[in-house]
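[1] Compute the structure for the input listed below.
(chains A and B)
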Amino acid sequence: MFAIRKLAWITLALVSSFAALSVACSQDPDVVEVIKEVPVEKEVVKTVEVVKEVPVDRIVEVVKTVEVVKEVPMEPTPAPAVMAGPPIYQMGIFEEPITRNFWNYYGGPGGSVWTKYVMDGHADSLFAYSDQRFDWIPSLAADFPTPLIEETVGGEEFWTTEVSMLEGVQWSDGEELNADDFAFTVRTVMDLQLGSSWASAVDPAFVDHVEALDSHRLKIFFKTEDADGSPQTPGLSVWQFGLGFMPILAEHYWAPVVEEIMAASADMEKRHEALFAHVPDGEPTAGGFVFDRWEPGAFYEKDTDPSYYFSGTVITQYANGAYAETNPNTGQTVAHYGEPTGEKLLEYTVGPHSDSSIFSIYGNQDAAILALANGDIDFVFNPLGLEKGFLDRVRSAPDLQVAANANNGVRYLGFNTRKPPMNIREFRQAVATVIDKEFVAQTILQDAALPVYSMVPEGNLFWHNADVPKFGQGMTRAERLSKAVELLKSAGFTYEEEPEISEDGNFVSRAGRGLKMPDGSPVPDLTLLAPSAGYDPMRSTFAIWIERWLNDIGIPARANLTGFNVIVGELFSDTVAEDLDMWILGWSLSIFPDYLENFFHSRHAPENGAGYNWGGYASPEFDDLAIGLLSETTIEGARDKAFSLQRFLAEDLPYVTLFTTPKLDAFRPSRVEFPYTASLGGIEAQGGMQQEAVIK
Amino acid sequence: MAHYLVKRSAQILLTLFVFLSLVFFIVNAQPGDVSSFYALNPDIPPETRERMQDLFGVNDPLWKQYLVHVRNTFTGNFGVSFSHYPRTVADIIRERLPRTLALFLTASVISFYLGFALGKIIAWRRGGWTEYTSTIGGVTLYTVFTPWFGLMMIWLFAFRAGWFPIGKFLDPVLWRDAPTDANAIFNRMILSAIVVSIAVFALFAVTAKRRMAHSRLIRIGGLALSALAVAAAWFATGTGYLAWDILKHMILPVATLTLISFAGTMLLTRNSMLETMREDYVMAARAKGLPEKDVRDRHVARNALLPIVTSFVFSLAFAVDGGVIIEQIFSWPGMGQTLVSAALTEDLPLAVGAFVFVGVFVLIAHLAADILYVYLDPRIRY
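    Next comes the predicted model:
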């Protein structure tokens, strides 16, 4: 009895102590109320800042892409009362950011997409993309750079260019942001041999060094020869869309840190560890926000930088293609791409328009969506997309709106072009022909996916080439079958028994049998690796149908639906050339389509060094075209070459592009107002428009 | 006893070694590695993946990684987390553990108390409606699909009724100007609970030993005073509103956990009581004319306690790993959520570290239960 009562009392004591604490502590809500009832001191102005889109964030195999589209207006529902208190932009994320050290985020293991969201508004770059149209425009640069010229300095040949930086721009601690900061950042990346996105921005194969001619003028030196001594030209991807987009960090804060790290160890790995481990307390920023608080597992908060240079700048985009910025601090208006006259397509004032941005961390997407519906947050980041179930919930919630946009990504079927029969173009074309993308996307997936035919998705308007070969498009099942057989036979394939279609033309009454390759050997059993339904039901659905259609025309293929990591492991294995047949994955893409070279140039095949050309695609003609794109220094020239590349790929088909998905963003219009919601990649690709969003 | 403890400790060490080896090899058997997450960005040079593998040592031979793992475990340093780089695993566990302990210890204690009390009653009132409703209700909740039940609780009481917050453990707007961090508050809350518990336990022991008059009143008064003292201390620090915010966020997950787990204790207590009630000494107690309540509490329940306490001690140990599902659903960033995300991101040091940490607690709980038996049942000798 004693023991029972003892336990009971201990239990009671524990429970009661929490209860007592609750009661006692409830005296404090006054403090809480004070916080909540701070009057709005800041006048809310509808403004926004130019989004600085960094070419593709790191990560993950992504996925959602597409074409698109429309804004879905919600049924009018009673809006909840506007929240009192300071304007705070509250966003939901459902994984913890990894770091707030920018070096780690951009060049180390800290570069998750969640880290990217919270780091938005931390650093700025010389150039940026304009809103919606993604024109290349100066940001911290005062104007466009001078043309590249070949120059001999100290007996060495260089490609050089000069660029002026804006004057009067300050770091959040009041120090001036100048050319030395840019030069320091480049120097640090090169000295410490930083990888990842830093290596992408500061390509060591091209960038030699940077000099600050004076406090606001830079001279950039590019190498004229590659490692083999062949001449090279730093094209758009290296300079304008590469180094020009590099985030600039504060020399006066980081230089002592970097010096200490360099002095402490000569081992590059240790240097990286030390740099990434540095906790950047008090680090000045230049993107409109400064770090305030990170409560691990709960939230991350950034405060508005009152000295942000672009705050109050009016951005205007015109129907004639012109872009204009009017900065109230300088009273100056700068315009690019024509005369800023005529119809205005977009006009807004740069913010930030909130006191702070808070990222609430939820355990899962479900909880985040529920919190959005409940009014706890104003916007949710969904890097893997808003699934239909969640979409329905959002649509049924009062006061929420969904914006649907094209997504800059593509999901594809890849071939190991080293092995027969995948090395035969007609075989790949036959496979492309039998794949009825429209049927799976529209009938099976109920328009949750959109068919694509080019490696540059349609949503990337400027760079997308709609005029590419589209195998099978518009054909009936019978026509597809017939065309595929014709393609195979034209390449020398033979059947013991050709496939037959039913009389009504709706199904294959007899699958092809005994398909032999041009050398007379039977087509071997082929494996199609694809993500399982648990990871991506859309791709697994496509895989199942592709298996069926290939079997119909006598190709003995089997879909192996497996884990994402298994597929990636297979692609990166040493035996990829021998073991791989076909696979289905996806890419998240950048605006500038230099990825076409990354994916398909023969130098990126694993057997030629590390690379993403897992299928071992090798075409000298393509290689020349791809190098031409990288070397191109004009936008129009690059566009022509990108169009040629798309046409070439859609004909030669190292990948069969399958589909993309619309990007759906849910937000609360009664609390947050965006200057626009139609944009490639949606609101999320703009980092939730933290500088632009007006909080009511 | 001493000999037994030495022998048992040696067994525990051996078990721990086997356990950590198993954990290491099972976790490593997953395809791919953390660098996969850096692999699929065309703008990132492919060399980055190899560099990442070198940085994390995942390219080293397995035996070498295993030795590093064993060394790290036995030195208490579980290495550096891949997914929280450059934070150490120990640091992450230190951050997550108090949150899990606060939630799951509270839920374990409440559910044990509720289950034990109900178990006693339904064992004593067999065949009545109390037994049927408690058993059916308890078993239904015990076997309910936890994710669905958790979501329904949130939907009903947080979303629809608006009585509680939707997930998380704090309100960011309230905490943005907080003078301290959440873990400090969690640690103080746990400390406060321990202080109150010790004070009450001491009071209970003293009043029971001296058979003081009005002991019930003294105990309740003592409990109230202890609680008030701690509450006053919170008030004085000016952080009471933060603790209150956490408590508000705890109510729904604690209620959910209690509802889905109390039936286990209840049924165990009932069965154990029913066995004990057949003993001769129970009949003797009744024959002596003792009141039913005394027979039930002093003669039956106490002797039925052994398996229940064992179960309770183990449940406390497993509280360390948190309820993976509950933490996910309620966005409670404790050990359970850490385990899941470490496994999903192939953060081997963190996954292995968290598993081993839980394993150590469970082994210690086994030892504690063994020792506790001696005090609960004088017939047991080692």
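
[2] All the helices of the stretch 201-350 of chain B, residue numbers only.
    Using DSSP state H, counting those that start in this stretch, the helices found in the stretch 201-350 of chain B span residues B:215-237, B:240-277, B:280-287, B:292-294, B:305-318, B:324-329, B:335-344, B:348-376.

[3] Chain A is nearest to which of those?
    helix B:215-237 (2.3 Å; C-beta to the nearest C-beta). C-beta: built from backbone N, CA, C; applies to glycine.

[4] A:K223 touches A:F206, doesn't it?
    Yes: in this structure A:K223 lies within contact range of A:F206 using C-beta atoms under 8 Å: 5.8 Å.

[5] which neighbours do those two share?
    Residues touching both A:K223 and A:F206 (C-beta atoms under 8 Å, 6 or more residues apart in numbering or on different chains): A:Q232.

[6] Pass me the low-pLDDT residue ranges in chain A, would you?
    Where chain A drops to pLDDT under 70, the residues are A:1-86.

[7] Quick one: end-to-end distance for stretch A:499-510.
    End-to-end span of stretch A:499-510 (C-alpha to C-alpha, to the nearest Å): 5 Å.

[8] Tell me how many other residues surround the residue in the stretch 151-300 of chain A that chain B sits nearest to.
    Per C-beta to the nearest C-beta, A:G297 is where the stretch 151-300 of chain A lies closest to chain B, at 2.8 Å. Neighbours of A:G297 under the rule other C-beta atoms under 10 Å in any protein chain shown: 23.

[9] and it, how far is that from B:D280?
    Separation of A:G297 from B:D280 (C-beta to C-beta, to the nearest Å): 56 Å.

[10] can you check A:L370 too?
    For A:L370 relative to B:D280 (C-beta to C-beta), the value is 58 Å.

[11] Compare these two (neighbour count), which wins?
    A:L370 (24 against 8).

[12] residues in the stretch 251-382 of chain B within reach of chain A, list them.
    Applying C-beta under 8 Å from any C-beta of the partner chain, one finds that the stretch 251-382 of chain B approaches chain A through B:294, B:297-299, B:301-302, B:305, B:309, B:327-333, B:337, B:341, B:346, B:376.

[13] so where does B:R71 fall, helix or strand?
    helix B:62-74 (DSSP states H and E).

[14] so what secondary structure elements neighbour the following helix or strand past that helix?
    Per DSSP H and E, the first helix or strand lying C-terminal to helix B:62-74 is helix B:89-124. Here helix B:89-124 touches helix A:2-25, helix B:129-143, helix B:182-209, helix B:240-277, helix B:305-318, helix B:335-344, helix B:348-376, going by 3 or more C-beta pairs under 8 Å, 6 or more residues apart in numbering or on different chains; DSSP states H and E.

[15] now helix B:89-124, how far from the chain's geometric center?
    Helix B:89-124 sits 5 Å away from the centroid of its parent chain (C-alpha atoms, centre = their mean, to the nearest Å).

[16] tell me the mean pLDDT for that helix?
    Helix B:89-124 carries an average pLDDT of 90.

[17] in that helix, what counts as buried?
    Using 16 or more other C-beta atoms under 10 Å in any protein chain shown as the test for burial, helix B:89-124 gives B:89-90, B:92-93, B:95-124.

[18] same check, this time on stretch A:209-224
    A:210, A:212, A:216, A:218-224.

[19] Show me what from the stretch 201-350 of chain A comes close to chain B.
    Listed as neighbours of chain B in the stretch 201-350 of chain A under the rule C-beta under 8 Å from any C-beta: A:269, A:272-273, A:276-277, A:292-293, A:295-299, A:301.

[20] among these, which ones are buried?
    A:272-273, A:276-277, A:292-293, A:295-299, A:301.

[21] Secondary structure for those residues - can I get that in JSON lines?
    Shown next, in JSON lines, are those (DSSP: H, G, I helix; E, B strand; the rest coil):
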{"residue": "A:H272", "secondary structure": "helix"}
{"residue": "A:E273", "secondary structure": "helix"}
{"residue": "A:F276", "secondary structure": "helix"}
{"residue": "A:A277", "secondary structure": "helix"}
{"residue": "A:D292", "secondary structure": "strand"}
{"residue": "A:R293", "secondary structure": "strand"}
{"residue": "A:E295", "secondary structure": "strand"}
{"residue": "A:P296", "secondary structure": "coil"}
{"residue": "A:G297", "secondary structure": "coil"}
{"residue": "A:A298", "secondary structure": "coil"}
{"residue": "A:F299", "secondary structure": "strand"}
{"residue": "A:E301", "secondary structure": "strand"}
